[in-house]
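Please find the sequence and the predicted model below.
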Amino acid sequence: MTTELKKIEQKELNKIFENRRFRTGGRVDLSLYDLTGLDLSLIYSTGGFKGVCLYRAKLVGADLVGADLVGADLSKADLQRANLQRANLERANLKEAYLFGADLAYSIVDKANLEGANLRGSSLNRASFFKTNLINANFSDCDLTGAIFDSVYTNWGTKWDRATFDSTVFSTI
């Protein structure tokens, strides 16, 4: 049984963040909302985004340290300079997402779809990529120190120009 997500407008979203009764320990749970195309760039949350639709959402500079984004749809989302340290992006759809300069250190990106994603200049220190789709993704100028790429899907279009590979582990299918 699939739960239908409630479509929300920018004005409603702003009210949620302004209204303290929706906050629990600084967390805002938006997992039941469809946030397609909304500007969430000022978010500070470690809260529930599990399975949420963030298609084309603007999350520029968002602080999402430790966020639960399991199964979230972040396709074509603008996540440039977002702080996603220790975030759980397992099974997330990041197809064609823009993650320029994002920080994904210690994040779990297992079984996620990063097809065509632009991660240029991002920090992926000790991030985990298990059975992740990296086809046509751009990892140019990324810091991949200690990252684990296990059984990942790549092709000739996946870019690694000038990336740092100190202690990086690779295993492709």
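Received, thanks.

Output the below-cut-off pLDDT ranges for this protein.
By pLDDT under 70, the low-scoring segments of the chain are 1-2, 19-29, 42-48, 173.

What segments of it are helices?
Applying DSSP state H to the chain gives helices spanning 10-18.

tell me the contacts of the residue sitting nearest the centre point of it?
Taking CA atoms, centre = their mean, the centroid of the chain lies closest to residue 89, which sits 5.9 Å from it. The contact partners of residue 89, by CB atoms under 8 Å, 6 or more residues apart in numbering, come to 69, 70, 72, 74, 104, 107, 108, 109, 112. Quick note: C-beta positions are derived from backbone N, CA and C, even for glycine.

Would you pull up how far stretch 166-173 lies from the middle of the chain?
Computed by CA atoms, centre = their mean, to the nearest Å, the chain-centroid distance of stretch 166-173 equals 21 Å.

Go through it and flag the buried ones.
Using 16 or more other CB atoms under 10 Å as the burial criterion, the residues of stretch 166-173 that qualify are residue 168.

and if you look at stretch 57-70?
Buried residues in stretch 57-70 (16+ other CB under 10 Å): 57-60, 62-70.

quick check, nearest of these to residue 31?
Residue 31 has its nearest neighbour among these in residue 68, at 8.2 Å by CB to CB.

so residue 53 bridges to which residues?
Assessed by DSSP bridges, residue 53 has beta-bridge partners residue 34, residue 73.

State the distance from it to residue 14.
With distances taken as CB to CB, to the nearest Å, residue 53 is found 18 Å from residue 14.

Just to check, residue 60 is in contact with residue 79?
Yes - using CB atoms under 8 Å, residue 60 makes contact with residue 79 at a distance of 7.4 Å.

thinking again about what came up before, the more surrounded of residue 53 and residue 14?
Legend: neighbour count by other CB atoms under 10 Å for residue 53 and residue 14, higher for residue 53 (20 against 13).

how far away is that one from residue 3?
The spacing between residue 53 and residue 3, counted by CB to CB, is 11 Å.
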